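Curious how this folds, go ahead:
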Amino acid sequence: MVIWHGESGRKPTGGKIQLARKKRKYELGREPVYPKMGEEKRATVKTKGGNEKIKLLSLSFVNVLDTKNKTAKKVKVLDVITNPANPDLARRKIITRGAIVNTELGKVRITSRPTQHGVANAVLFEQ
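Just a heads-up that it's a prediction; the model follows:
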């Protein structure tokens, strides 16, 4: 089955729409990537226009910004505490944007999108 980002064939009220054309190549989507804790792995994906996107498949380190000292450090990830996007993601140790992670420096919030940017950046919580 293909992931398709075109018209759904339904109105907001639930009524059917007779689609005027078939699916197009540029309307295709991809399976979501869920970056987990573990040895660092990346994958490159070709996108429209011959460009490339780097997806982070798993990570063990995160770039942490300390807003008080205005310094950034590369720190080891110890555990995923919560994930406001979905509680199930925290149970599965999946790191997405907004996830709260325990590191060697303390609790941090992930600010980058690891599957879109290929890197994990975070901001240290106030202590």
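
going forward, measure contacts between C-alpha atoms and count neighbours the same way
OK.

Do a quick rundown of the helices in this structure.
Secondary structure of the chain by DSSP state H: the helices cover 87-91, 114-117.

For residue 126, give me the pLDDT.
We have a pLDDT of 68 for residue 126.

now the farthest one out in this structure, which residue is it?
Among residues of the chain, the one most distant from the C-alpha centroid is residue 18; the distance is 34.5 Å, by C-alpha atoms, centre = their mean.

excluding its backbone neighbours, what's nearest that residue?
Nearest non-adjacent residue to residue 18, counting by C-alpha to C-alpha, 6 or more residues apart in numbering: residue 9, 6.7 Å away.

low-confidence ranges in this protein?
1, 126-127 (pLDDT under 70).

sorry, back to before: how about JSON lines for the helices of the chain, with mean neighbour count and distance to residue 102 added?
Below are these laid out as JSON lines (neighbours: other C-alpha atoms under 10 Å; distance: least, C-alpha to C-alpha, whole Å):
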{"stretch": "helix 87-91", "mean neighbour count": "15", "distance to residue 102": "12"}
{"stretch": "helix 114-117", "mean neighbour count": "18", "distance to residue 102": "17"}
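
For residue 5, find the nearest of those helices.
Closest to residue 5 of the helices of the chain is helix 114-117 (C-alpha to C-alpha; 17.6 Å).

And that closest one, what does it pack against?
Helix 114-117 is packed against strand 52-59, with contacts defined by 3 or more C-alpha pairs under 8 Å, 6 or more residues apart in numbering; DSSP states H and E.

who does the strand it packs on pair up with?
strand 36-37 (parallel), strand 41-46 (antiparallel) (DSSP bridges).
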